[in-house]
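Trainee: Fold the stuff below for me.
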Amino acid sequence: FEISAASESLQWDQEQPNRLWSGRRGSSNREIGSDREELSDEAAAMVHYPGGHEEGWPDGVKNLFIDFYDAVERAGQSEPAVHPRTFASMEDGHYIMLINEAIVESDRRKSWVKVKQP
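Mentor: Coordinates of the predicted model:
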């Protein structure tokens with residue numbers, strides 16, 4: 001994907017997932033890798049290998065479980081989660097099921113169907 005704005009543009013290619021290209025007006029273009037020193041603290045917390053090592057699906061799943069178990073461990077505590085929630089709640093899952101049901105009903109009727117509100 002590519003995002004172009006007035007003062008900066010970003011470009012990322014799934015075929016090269018550890019590279020983010022940044023172009024800015026008034027300064028040099030930059031390619032950001034997955035080396036922890038190049039990343040924000042939040043992004044660096046999701047990197048598990050030294051710079052130059054490709055990360056991918058297993059790392060995404062690992063990060064998801066880290067976030068999930070952090071939320072389980074902190075359930076009922078007033079202390080905030082270490083990571084922002086990256087997984088669906090039961091409410092999110094219920095709403096997705098309502099959308100799926102509306103899609104099936106729309107196909108059956110061959111017309112638009114409103115999604116039920118949870």
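Trainee: tell me the pLDDT at W112?
Mentor: Per-residue pLDDT puts W112 at 96.
Trainee: Then G51?
Mentor: 68.
Trainee: Can you give me the neighbour number for the residue nearest to V113 when sequence neighbours are not counted?
Mentor: Leaving aside its sequence neighbours, V113 sits nearest to S106 (CB to CB, 6 or more residues apart in numbering; 4.2 Å). Heads up, the C-betas are built off the backbone N, CA and C, glycines and all. Per other CB atoms under 10 Å, the neighbour tally for S106 reads 14.
Trainee: now swap in I66 and tell me
Mentor: I66, neighbours per other CB under 10 Å, totals 16.
Trainee: mind checking how far it is from S22?
Mentor: Distance of I66 to S22, computed by CB to CB, to the nearest Å: 27 Å.
Trainee: Ok, G93 next?
Mentor: Relative to S22, and taking CB to CB, G93 is found at 36 Å.
Trainee: who's more crowded, these two?
Mentor: S22 (15 against 11).
Trainee: the longest helix in the chain is where?
Mentor: helix 90-109 (DSSP state H).
Trainee: Kindly give the local confidence score, pLDDT, for G56.
Mentor: 69.
Trainee: where along this structure do the strands fall?
Mentor: Assigned by DSSP state E, the strands in the chain fall at 2-4, 8-12, 20-24, 30-32.
Trainee: what does the first one contact?
Mentor: In this case it means strand 2-4. S9, L10, Q11, W12 (CB atoms under 8 Å, 6 or more residues apart in numbering).
Trainee: Quick one: buried ones out of those?
Mentor: The neighbour-count test (16 or more other CB atoms under 10 Å) marks none of the contacts of strand 2-4 as buried.
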